[in-house]
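> what shape does this take:
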Amino acid sequence: MDDQLKDVLVRGTAWKGKIRVFAARTTQLVEELRQRHGTFPTATAALGRTLTAGAIMGAMLKGQEKLTIQVKGDGPLGQIVVDANADGEVRGYVENPEVHLPSNAHGKLDVAGAVGRTGFVHITKDLGMKEPYRGSIPIVSGELGEDFTYYFAVSEQTPAAVGLGVLVDTDNSVMHSGGFIVQLLPGLTDDEITRLEQAVGSMPPVTALLDQGETPEELLRWIVGDDLQIHDTMELKFECFCSSERVEQTLLSLGEHEMQQIIDEDGKAEVVCQFCNEAYTFDRTELERLLDQAKPKPIQ
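Next up, the predicted model:
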């Protein structure tokens, strides 16, 4: 694939280290999720915006750390779930993928109507400690960019500007997807904060810039100007961690009685991973093997 089209994330600083900046292109990732889950356009946009935020927030982690985003609104989409880690690996799904609403008053995909305007955004970070970090905020708009902005201000006490966008073609495929998160660090003057707010407010939509061929780095220059230092670039990729062995463990956890019931009633079992839509099928012979493992072993 042409490097200009790869899904990448850039991170750096600006204005003499007073701002942390992240921007990502996630077009191929969101298109892959659309194909795996059969999402309709409004669902694609909501899942894509959440996945982009997740990919960027994953890049804020280190080592083996990972996070899960759950958007639980009162709209027809139900729950949106995204997993991401520090290596640029992301996956996600939406509970009701076949949601498409009429355009909103601005002629755009009605993401807020699909997500809902009441509910919560939950973010769980596994930082390798005994207990994971959990942060929750009420949904403030359902457009998601504003909701993640609110999350940073309230849960992490770090003012941030968040921009997220997904552009869907007439054939429902993903034309462009991407976004940015700009975090304000201590030391910014009131004038600099005003300048930043004005830059974000006057910036064209993320997808319009991507459609013009702008790179993630160039998205950031729209906001902070030329005083930008890119520290590194990371490729983003879809990665699911399901496996036949993990599904077997799930079946074993059902216990002897329920396993026997599946064998007697169905003679087979199919488990579909919510994240990648991969189906794992177990025939009667395989289920009987697992049943044998599930039975309590006599004490020697």
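> list the contacts for the residue nearest the centre of the chain?
Central residue of the chain (Cα atoms, centre = their mean): Leu51, 2.2 Å from the mean position. With contact taken as Cβ atoms under 8 Å, 6 or more residues apart in numbering, Leu51 is in contact with Thr26, Leu29, Val30, Leu33, Val82, Val90, Gly92, Ser177. Glycine gets a C-beta too; all of them are placed from N, C-alpha and C.
> can you redo those as TSV with secondary structure?
Output for the contacts of Leu51, formatted as TSV (DSSP: H, G, I helix; E, B strand; the rest coil):
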residue	secondary structure
Thr26	coil
Leu29	helix
Val30	helix
Leu33	helix
Val82	strand
Val90	strand
Gly92	strand
Ser177	strand
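> mind giving me a markdown table with these and columns for distance to Gly128, neighbour count and pLDDT?
Below are those laid out as a markdown table (distance: Cβ to Cβ, whole Å; neighbours: other Cβ atoms under 10 Å; pLDDT from 0 to 100):
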| residue | distance to Gly128 | neighbour count | pLDDT |
| --- | --- | --- | --- |
| Thr26 | 26 | 33 | 98 |
| Leu29 | 25 | 24 | 96 |
| Val30 | 29 | 30 | 97 |
| Leu33 | 27 | 30 | 96 |
| Val82 | 20 | 27 | 97 |
| Val90 | 19 | 27 | 97 |
| Gly92 | 22 | 27 | 96 |
| Ser177 | 30 | 31 | 97 |
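> nearest to Gln260 among those?
Gly92 (35.0 Å; Cβ to Cβ).
> measure the closest one to Ala46 for me?
10 Å (Cβ to Cβ, to the nearest Å).
> quick one: common contacting residues for those two?
With Cβ under 8 Å, 6+ apart as the test, Gly92 and Ala46 both reach Ile80.
> where does the stretch 1-150 of the chain dip in pLDDT?
Along the stretch 1-150 of the chain, segments meeting pLDDT under 70 span 1-4.
> could you rerun that using 90?
Scanning the stretch 1-150 of the chain for pLDDT under 90 picks out the ranges 1-6, 104-108, 127-132.
> all helices for it, in order.
Taking DSSP state H, counting those that start in this stretch as the test, the helices found in the stretch 1-150 of the chain are 27-37, 41-58, 111-115, 145-155.
> Leu9: which of these is closest?
Proximity to Leu9, assessed across the helices of the stretch 1-150 of the chain by Cβ to Cβ, is greatest for helix 41-58 (6.2 Å).
> what's the angle from the closest one to helix 145-155?
Angle of helix 41-58 versus helix 145-155, following axes from the mean of the first three to the mean of the last three Cα atoms, to 10 degrees, is 30 degrees.
> relative to helix 27-37, how tilted is helix 41-58?
Using the same axes, to 10 degrees: helix 41-58 against helix 27-37 is 130 degrees.
> which of the contacts of Leu51 sit farthest apart?
Using Cβ to Cβ, the pair of the contacts of Leu51 lying farthest apart is Val82 and Ser177, separated by 13.0 Å.
> Ile80: neighbour count?
Counted with other Cβ atoms under 10 Å, residues neighbouring Ile80 total 26.
> mind listing the residues bridging to the residue nearest to it when sequence neighbours are not counted?
Nearest residue to Ile80 in three dimensions, chain neighbours excluded: Val71, at 4.1 Å (Cβ to Cβ, 6 or more residues apart in numbering). According to DSSP bridges, the partner residues bridging Val71 are Ile80, Val121.
> again, but for Met234
Leu9.
> and the pLDDT at it?
What the model reports for Met234 is a pLDDT of 96.
> so how far is Asp7 from it?
10 Å.
> how about Glu65?
Taken as Cβ to Cβ, the span from Glu65 to Asp7 is 21 Å.
> the more surrounded of the two?
Per other Cβ under 10 Å, whichever of Glu65 and Asp7 has more neighbours is Asp7, with 26 against 19.
> which ones are touching that one?
Here Asp7 is in contact with Ala24, Arg25, Thr26, Thr27, Gln28, Leu29, Glu235, Leu236, Lys237 (criterion: Cβ under 8 Å, 6+ apart).
> in PyMOL, select just the buried ones from those residues.
The buried residues among these can be selected in PyMOL (16 or more other Cβ atoms under 10 Å) with this line:
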select buried, resi 24+25+26+27+28+29+236+237
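> any chance of the contacts of Asp7 in a markdown table, plus distance to Asp266?
Output for the contacts of Asp7, formatted as a markdown table (distance: Cβ to Cβ, whole Å):
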| residue | distance to Asp266 |
| --- | --- |
| Ala24 | 43 |
| Arg25 | 44 |
| Thr26 | 39 |
| Thr27 | 40 |
| Gln28 | 38 |
| Leu29 | 35 |
| Glu235 | 42 |
| Leu236 | 39 |
| Lys237 | 36 |
